[in-house]
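Visitor: Dropping a prediction and its sequence here:
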Amino acid sequence: MKTPSPLPALLEAPLDRASAEPLQRQLCCRIKDAIVAGHLPAGLRLPATRVLAQMLVVSRNTASMAYEHLLAEGYVLADRQGTVVAALRTRAHVPAEATATPFPRLANRLAGLRASATTAADRTVLRPGVPALAQFPQAHWRLALAHAARMATPNMFNYGDPLGQLALRAAIASHLAITRGVHCTAAQVVVTEGAQEALTLCVRVITNPGDTAWVEDPGYRGAKSALRAGDLRVLPKRLDAEGLHFSATDWRVEQPRLIYTTPSHQYPLGTVMSVARRLALMAAAQAHGAWIIEDDYDSEFRHSGEPIRAMQGLVADAPVLYVGTFSKTMFPSLRLGFLVLPQRLQPLLEQPLRELLRGGHTHEQLAMARFMESGHFVRHLARMQRLYRQRQQALRTALGQHLGIPHSIEGGRGGLHLCVRFAADYADVAVAAAAQRYGMAPQALSTFALAPQAQDNGLVLGYGNTPVETMEPLVKRLAEILKDLA
């Protein structure tokens, strides 16, 4: 007995003429869905376009265009007799002995990435790393953007220089020489999409999978993620009063290829690495063929004493890859950072980096160069330094008067945050989670450590985007949370 054709049942329903979707697209989708679902088996001959048009009461042109589209996507085949359904393997063949897994296989390196506490984008009160967004000079920035747009040529809409616009690279080199004591030329500067891309680049061009990397512990989570994503063996290094601590035995037994450090304002504890420790670290790295990533993420904001000069400029031809960002000095969504290559690496890496990177954000880069060259950037930094000094003092005062439990404050000589340690009786992760329910975004100190110790219990409190008048009520709320969790 002949099996009845599935076509009449499929096509007896009329197309929806009241829909905004064109009839041709409706017909295509109907046939495609039927083929994928197996209702129209492979090899089945479809009716001629004239017959199909009569069945659905549409123009023959509509039916013809639907078939042409199906043919282009490979759902059907055309021969001398007409149109037939193509053979599609909608399910991969799995051997009977294979064990089904509930999830697709992912890269092994993802298992090493520790999830950090998620914070809503609009929750910035007490959040570390967020600058004073409401105080940013938007009018001057708009002028810089407008100037970049006025000066635009057709070529500016093409891919830009993969290493960044030369005007911005030159402006960065000049600024770093004056404010951070960094020795470099514009050719050594690579503009990146934030500091995180700069860290990722360091890993990609310096290391091979399985190499060893040292990181500060507690330390910046983004650096650890970049190192682990490069399949490196990441070893935590504790800190003392002089910064990242290491011994001669460490260099023999755990010799690193890459060392990540924040010497001018350790993140998150705020320690300043002594000059003796800096020189010793660079000398050892030079002797063992290692490289140092110096992340100078917020050192423009120094609240007491003279600015701490960058490690990169302490000795000639330092084995240092210097990383910076405009996320703290400008605003995070700008997504502009930079990497300063060591002089001896620059000629070796220029062509590889041009292959790895693609130029973009040309107008924003030229606007940033204009903003720096006009003096607005330096004036903005000066205003923010005064503001952050006031906000930090207000936070310190509020903590001393209202926190209500024994605690110690780490750092504070610069940057946009303070670190507050307290007894392990108050679990910092629980305190941070409870604070988020009240609209605050402090970070638990223990989450910054690869190998947390008892003393790594506390909160990292950002004051950059937290007004002075809110400090006291916020700290009082934190005190209530601590009391409830005791």
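Guide: Great, that's in hand.
Visitor: What separation do you get for the residue lying closest to V203 once chain neighbours are set aside and D295?
Guide: Nearest non-adjacent residue to V203, counting by CB to CB, 6 or more residues apart in numbering: G230, 3.8 Å away. From N, CA and C alone the C-beta is placed, and that goes for glycine too. Noted for G230: a distance of 16 Å to D295, by CB to CB, to the nearest Å.
Visitor: Same drill for those two, tell me which one is more crowded.
Guide: Between G230 and D295, D295 has the larger neighbour count (other CB atoms under 10 Å), namely 28 against 22.
Visitor: Can you verify my assumption that the residue nearest to V203 contacts T207?
Guide: Yes: counting by CB atoms under 8 Å, G230 does reach T207; the two are 5.8 Å apart.
Visitor: Give the helix, strand or coil label for L418.
Guide: What DSSP: H, G, I helix; E, B strand; the rest coil gives for L418 is strand.
Visitor: What are the boundaries of the strands in the stretch 351-486 of the chain?
Guide: If DSSP state E, counting those that start in this stretch is used as the criterion, the strands of the stretch 351-486 of the chain fall at 407-410, 417-422, 443-444, 458-462.
Visitor: hmm, who's touching the first one?
Guide: So the one you mean is strand 407-410. Strand 407-410 is contacted from outside by 269-271, 396, 399, 418-422, 458, using CB atoms under 8 Å, 6 or more residues apart in numbering.
Visitor: Throw those residues into TSV and include neighbour count, thanks.
Guide: Compiled in TSV, those are given as follows (neighbours: other CB atoms under 10 Å):
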residue	neighbour count
L269	21
G270	19
T271	23
R396	17
L399	21
L418	24
C419	24
V420	24
R421	18
F422	18
G458	29
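Visitor: From those, pick the one nearest P263.
Guide: Nearest to P263 among the contacts of strand 407-410, counting by CB to CB, is T271 at 8.8 Å.
Visitor: Give me the pLDDT value at the closest one.
Guide: pLDDT recorded at T271 is 93.
Visitor: likewise H93?
Guide: Confidence score, pLDDT, at H93: 58.
Visitor: Not counting its neighbours along the chain, what's nearest the residue nearest the centre of the chain?
Guide: Central residue of the chain (CA atoms, centre = their mean): Q196, 5.3 Å from the mean position. Sequence neighbours aside, G222 is the residue nearest to Q196 in space, at 5.4 Å (criterion: CB to CB, 6+ apart).
Visitor: Just give me the neighbour total for that neighbour.
Guide: Other residues within reach of G222, judged by other CB under 10 Å, total 18.
Visitor: In contact with it, which residues?
Guide: By CB under 8 Å, 6+ apart, the contact set of G222 is 195-196, 199.
Visitor: Just to be sure, it is in a helix?
Guide: Yes: membership of G222 in a helix is supported by three-state DSSP.
Visitor: roughly how far apart are it and G412?
Guide: Distance of G222 to G412, computed by CB to CB: 22 Å.
Visitor: go on, A449?
Guide: From A449 across to G412, the span is 20 Å (CB to CB).
Visitor: Equivalent analysis for E73, please.
Guide: Going from E73 to G412 by CB to CB gives 63 Å.
Visitor: With neighbour numbers in mind, choose between these two.
Guide: Higher neighbour count among E73 and G412: G412, with 19 against 11, using other CB under 10 Å.
Visitor: Tell me how far the more buried one lies from L46.
Guide: As judged by CB to CB, G412 and L46 stand 75 Å apart.
Visitor: now do M368
Guide: The gap separating M368 from L46 is 58 Å, by CB to CB.
Visitor: just S327 next, same as before
Guide: For S327, the distance to L46 equals 57 Å [CB to CB].
Visitor: Can you report how many residues neighbour N208?
Guide: By other CB under 10 Å, the residues close to N208 number 10.
Visitor: which residue sits closest to it, ignoring its sequence neighbours?
Guide: In space, N208 is closest to R257, 7.9 Å off (CB to CB, 6+ apart).
Visitor: Tell me who's in contact with that neighbour.
Guide: 206-208, 211-213, 232, 289-291.
Visitor: and the two most separated of these?
Guide: Maximum pairwise distance in the contacts of R257, criterion CB to CB, is 15.5 Å, between L232 and G289.
Visitor: Neighbour count for the two, which is higher?
Guide: L232 (24 against 10).
Visitor: Help me confirm that the more buried one comes into contact with G210.
Guide: Yes: at 7.4 Å, L232 counts as touching G210 under the criterion of CB under 8 Å.
Visitor: Can you mark which positions in the longest helix anywhere in the chain are buried?
Guide: The longest helix of the chain (DSSP state H) is helix 376-402. Using 16 or more other CB atoms under 10 Å as the test for burial, helix 376-402 gives 376-377, 380, 384, 387-389, 391-392, 394-396, 398-399, 402.
Visitor: For it, enumerate the helices and strands it packs against.
Guide: Where contact means 3 or more CB pairs under 8 Å, 6 or more residues apart in numbering; DSSP states H and E, helix 376-402 is packed against helix 138-150, strand 407-410, strand 417-422, helix 468-485.
Visitor: and that helix with helix 138-150, angle?
Guide: Relative orientation of helix 376-402 versus helix 138-150 (axes from the mean of the first three to the mean of the last three CA atoms, to 10 degrees): 150 degrees.
Visitor: number of nearby residues for A18?
Guide: Applying other CB under 10 Å, we find 5 other residues in the vicinity of A18.
Visitor: oh sorry, the question was meant for L314
Guide: Neighbour count of L314, defined by other CB under 10 Å: 16.
Visitor: Identify the residue spatially nearest to it, adjacent ones excluded.
Guide: R278 (6.1 Å).
Visitor: quick one, phi/psi of that neighbour?
Guide: According to degrees, to the nearest 10, the main-chain angles of R278 amount to phi -60, psi -50.
Visitor: and A53, what does it touch?
Guide: So A53 contacts 59-60, 62-63 (CB under 8 Å, 6+ apart).
Visitor: so which of the residues you listed is the most crowded?
Guide: Neighbour max across those (other CB under 10 Å) = A63, 24 neighbours.
Visitor: Tell me which helix or strand that residue sits in.
Guide: Element membership of A63 [criterion: DSSP states H and E] is helix 60-73.
Visitor: What ranges does the stretch 151-300 of the chain have for its helices?
Guide: Per DSSP state H, counting those that start in this stretch, the stretch 151-300 of the chain carries helices over the ranges 166-179, 194-206, 221-229, 248-253, 275-288.
Visitor: Quick one: list the elements packing against the last one.
Guide: What that stands for is helix 275-288. With contacts defined as 3+ CB pairs under 8 Å, 6+ apart, helix 275-288 has these neighbours: strand 243-244, strand 258-261, strand 291-295.
Visitor: Run me through the strand neighbours of the longest one, direction for each.
Guide: I take that to be strand 291-295. Strand 291-295 has the following strand partners under DSSP bridges: strand 258-261 (parallel), strand 320-325 (parallel).
Visitor: can you check the first one too?
Guide: Partners of strand 243-244 in the sheet, by DSSP bridges, are strand 239-240 (antiparallel).
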